[in-house]
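Peer 1: what would the 3D arrangement of this be:
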Amino acid sequence: MTAAGAKRTGRERTVEIAVDGVPAPGWKRRLQRFCTRVLREAGADQWDLSLLLCDDPRMSDLNGRYRGKGGPTDVLSFPRERAIRPHGRSLAAAAVKGDVAISLDTMRRNAMDYGVSEDEELKRLVVHGILHCAGMDHGAGKGRGMLSLQRTLLSVLREERIIEE
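Peer 2: Sure, this is the predicted structure:
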């Protein structure tokens with residue numbers, strides 16, 4: 001496992017990226033910058049985020065252990081705090097603290113299935129995972145705000161590139 005992160009003085013603002021079961025990608029720093037941009041664009045005041053890039057076997061283990069579901073999924077989020085109250089189209093100066101796991105195997109299959117680039121699919125998964133860490137949910141009719149914010153962030157950041165294809 002490897003990690004890359006930067007911490008500023010004052011308010012906590014850390015994004016760490018770890019890799020397990022897949023080769024360390026050459027685009028980790030761009031991914032770290034993208035996460036930081038997402039958090040800033042969403043209006044998050046503080047963040048402490050860790051992102052795990054893994055393979056399907058590792059994701060299957062996490063999915064079974066924490067959700068009781070068999071097989072891999074594309075993204076899992078583990079918020080560390082529940083006191084966040086997002087408002088509308090921003091996180092309203094919220095603190096976003098949590099862990100996000102993304103299966104690169106599933107991300108690649110999703111990209112093929114949806115007919116999008118791996119870069120586009122990775123950005124979607126990152127934004128989705130971060131919004132879940134912010135306490136947002138897209139289930140049972142409550143999700144319009146989350147999915148709307150996700151679309152807005154992806155639109156604002158569409159020119160950003162993580163994976164150079």
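Peer 1: residues contacting Gly98?
Peer 2: With contacts taken as C-beta atoms under 8 Å, 6 or more residues apart in numbering, Gly98 has the following neighbours: 48-50, 77-81, 132-133. In short, each C-beta sits where N, CA and C put it, glycine included.
Peer 1: in the residues you listed, find the pair that's most separated.
Peer 2: Of all pairs drawn from these, the widest gap by C-beta to C-beta lies between Asp48 and His132 and measures 15.1 Å.
Peer 1: if I look at Trp47, what pLDDT would I see?
Peer 2: Trp47 is assigned 87 on the pLDDT scale.
Peer 1: strand partners of the helix or strand containing it, parallel vs antiparallel please.
Peer 2: Under the criterion DSSP states H and E, the helix or strand holding Trp47 is strand 46-54. According to DSSP bridges, the neighbouring strands of strand 46-54, each with its direction, are strand 13-20 (parallel), strand 95-103 (parallel).
Peer 1: so how far is the longest helix seen in the chain off the chain centroid?
Peer 2: For the chain, the helix that runs over the most residues, judged by DSSP state H, is helix 118-133. Its chain's C-alpha centre lies 5 Å from the corresponding centre of helix 118-133 when counted by C-alpha atoms, centre = their mean, to the nearest Å.
Peer 1: would you mind writing the CA trace of whatever helix or strand comes next after that helix as PDB?
Peer 2: Past helix 118-133, heading to the C-terminal end, the next element that is a helix or strand (DSSP H and E) is helix 144-156. The C-alpha trace of helix 144-156 is given here as PDB (Å, rounded to 0.1, in the frame of the first residue of the first chain):
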ATOM      1  CA  ARG A 144     -32.500  14.300  -5.800                       C
ATOM      2  CA  GLY A 145     -30.300  16.800  -4.000                       C
ATOM      3  CA  MET A 146     -27.300  14.400  -4.000                       C
ATOM      4  CA  LEU A 147     -27.700  13.300  -7.600                       C
ATOM      5  CA  SER A 148     -28.300  16.900  -8.700                       C
ATOM      6  CA  LEU A 149     -25.100  18.100  -6.800                       C
ATOM      7  CA  GLN A 150     -23.200  15.100  -8.400                       C
ATOM      8  CA  ARG A 151     -24.300  16.200 -11.900                       C
ATOM      9  CA  THR A 152     -23.400  19.800 -11.100                       C
ATOM     10  CA  LEU A 153     -19.900  19.000  -9.800                       C
ATOM     11  CA  LEU A 154     -19.200  16.700 -12.800                       C
ATOM     12  CA  SER A 155     -20.300  19.400 -15.200                       C
ATOM     13  CA  VAL A 156     -18.100  22.100 -13.500                       C
END
